[in-house]
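1. Fold the following, please.
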Amino acid sequence: MLRTVILSAFFLWSCNPKAQDSAKDEALKVEFTLPKKLKEVSGIALSKDKKTIWTIEDQGNKNRVYGLDRQGKLIADVLVENAENTDWEEIITDTTGNIYIGDFGNNDNERKDLAILKIDLKDASQTTTQVTQTTRFHYEGQTDFPPKKSNLLYDCEAFIEMDENFYLFTKNRSKGFDGTFLVFQVPNKEGDFEAKLIATLKLDGKYSDAAITSASINSTKDRIVLLNHKNIQVLTGFSANDFSKVKIQKIPLHHNSQKEGIVFLDDKTLLIADEKDKETGGNVYKFSF
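-> Purely as a prediction, here's the structure:
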């Protein structure tokens, strides 16, 4: 009899949409709300000691890097003195703690001044910093600025650093969106380079399911996560020069917002940030695999 009651209760719970939504919502947990002044966060990165979360804003905002403590308090406001914020779309660190800004936002696919900026930012006590290395690049295969509307594959909001190279994952803005994205490799050094096309890959779903807004790589360099508004995509089976055998696993977040930043807190935990709009967003979330 008791078993029947328990099974009946479970059945009723599992058929209850509100109960199901509640279970789904628990997967993505709000870690903290972003400070009100940060309305258009476009990327997040962790300091080497993991005590500071570095963040930036995109086009139309200031050439500043902001530091938050792990509770979301604004503890640093750092002016990048020798750079303009043309369209800063991502911020990352490498294994030694160097910080890079991706000034490669390219909504219309017509920019010819794409760059990755390495900055001299050591800790949250700084009020100013300088760009110490500028990696300029153009995309292999792009001959028109802009291309046809059916081939708008040269925007970018996501990159990682691995083995002294940058890897860029483009954001598809083509008419007739089909989830296709490109992976480019650029050397991590001063200069002007052609970004080498190393893979053409595809994600399932519509724009909010499959347009890429941020990326991060784990400490063992065998897992890359790509961020969408609704999902994360986990890439495995790649090597430094070969993404042809990559496997992609989609993990639904059961949460739709303008998610713009992702970083590994540890190899089983991610921090995710989204922009603030009228009703949603403006938070940093924690997600565990």
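2. For the rest of this, base every contact and every neighbour count on C-alpha atoms.
-> Noted.
3. helix, strand or coil for residue 208?
-> Going by DSSP: H, G, I helix; E, B strand; the rest coil, the secondary structure assigned to residue 208 is helix.
4. wait, residue 256 sits on residue 230?
-> Yes: Residue 256 is within contact range of residue 230, at 4.9 Å (criterion: CA atoms under 8 Å).
5. quick one, which of the two is more surrounded?
-> Comparing residue 256 with residue 230 by neighbour count (other CA atoms under 10 Å), the higher total belongs to residue 230, at 19 against 16.
6. how much space is there between the more buried one and residue 213?
-> Relative to residue 213, residue 230 is positioned 11 Å away (CA to CA, to the nearest Å).
7. and what of residue 133?
-> 24 Å.
8. Same drill for the two, tell me which one is more crowded.
-> Neighbours were counted for residue 133 and for residue 213 using other CA under 10 Å; residue 213 has more, 25 against 17.
9. Contact partners for that one?
-> Neighbour list for residue 213: 156-158, 171, 226-229, 259-261 [criterion: CA atoms under 8 Å, 6 or more residues apart in numbering].
10. ranges for the helices of the protein?
-> Ranges of helices within the chain are 2-14, 17-25, 207-210, based on DSSP state H.
11. So what's the model's average confidence on the second one?
-> For helix 17-25, the mean pLDDT works out to 41.
12. One more: stretch 50-69?
-> Across stretch 50-69, pLDDT averages out at 97.
13. Please apply the same query to stretch 165-182.
-> Stretch 165-182 comes out with an average pLDDT of 98.
14. Could you do stretch 84-98 as well?
-> Mean predicted confidence for stretch 84-98 is 97.
15. quick revisit: which residues are in contact with both of residue 256 and residue 230?
-> With the criterion set as CA under 8 Å, 6+ apart, the overlap between the contacts of residue 256 and residue 230 is residue 208.
16. doesn't residue 97 make contact with residue 47?
-> Yes: taking contact to mean CA under 8 Å, the distance of 6.4 Å between residue 47 and residue 97 places them in contact.
17. hang on, the earlier thing: okay if I get the contacts of residue 213 as CSV plus neighbour count?
-> Shown next, in CSV, are the contacts of residue 213 (neighbours: other CA atoms under 10 Å):
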residue, neighbour count
156, 27
157, 30
158, 29
171, 27
226, 25
227, 25
228, 27
229, 22
259, 28
260, 26
261, 31
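18. Next, count neighbours for the closest residue to residue 44 other than its chain neighbours.
-> Spatially, and ignoring its direct neighbours in sequence, residue 44 is nearest to residue 55 (4.6 Å; CA to CA, 6 or more residues apart in numbering). Applying other CA under 10 Å, we find 24 other residues in the vicinity of residue 55.
19. who does residue 55 bridge with?
-> Beta-bridge partners recorded for residue 55 (DSSP bridges): residue 44, residue 66.
20. Compare residue 47 and residue 97 (neighbour count), which wins?
-> Using other CA under 10 Å, the more surrounded residue of residue 47 and residue 97 is residue 47, with 21 against 14.
21. Run through the residues that contact that one.
-> When contacts are counted by CA under 8 Å, 6+ apart, residue 47 touches 53-54, 93, 97.
22. Residue 207 now?
-> Each residue near residue 207 by CA under 8 Å, 6+ apart is listed here: 177, 179.
23. on that earlier part again, using CSV, please lay out the contacts of residue 213 together with distance to residue 271.
-> Formatted as CSV, the entries for these read as follows, by distance: CA to CA, whole Å:
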residue, distance to residue 271
156, 20
157, 17
158, 15
171, 21
226, 12
227, 11
228, 14
229, 14
259, 11
260, 11
261, 8
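24. Sort out for me which of these are in strands.
-> Restricting those to those inside strands, with DSSP state E as the criterion, leaves 156-158, 171, 226-227, 259-261.
25. residue closest to the middle of this protein?
-> Of all residues in the chain, the one closest to the mean position by CA atoms, centre = their mean is residue 214, 1.5 Å from it.
26. wait, it sits on residue 88?
-> No: assessed by CA under 8 Å, residue 214 is found out of contact with residue 88, at 12.0 Å.
27. on that earlier part again, didn't the residue nearest to residue 44 look like it was pressed against residue 39?
-> No: the pair residue 55 and residue 39 fails to qualify as a contact (CA under 8 Å) at a distance of 11.4 Å.
28. And for residue 60, the neighbour number?
-> Under the criterion other CA under 10 Å, the count of neighbours that residue 60 has is 11.
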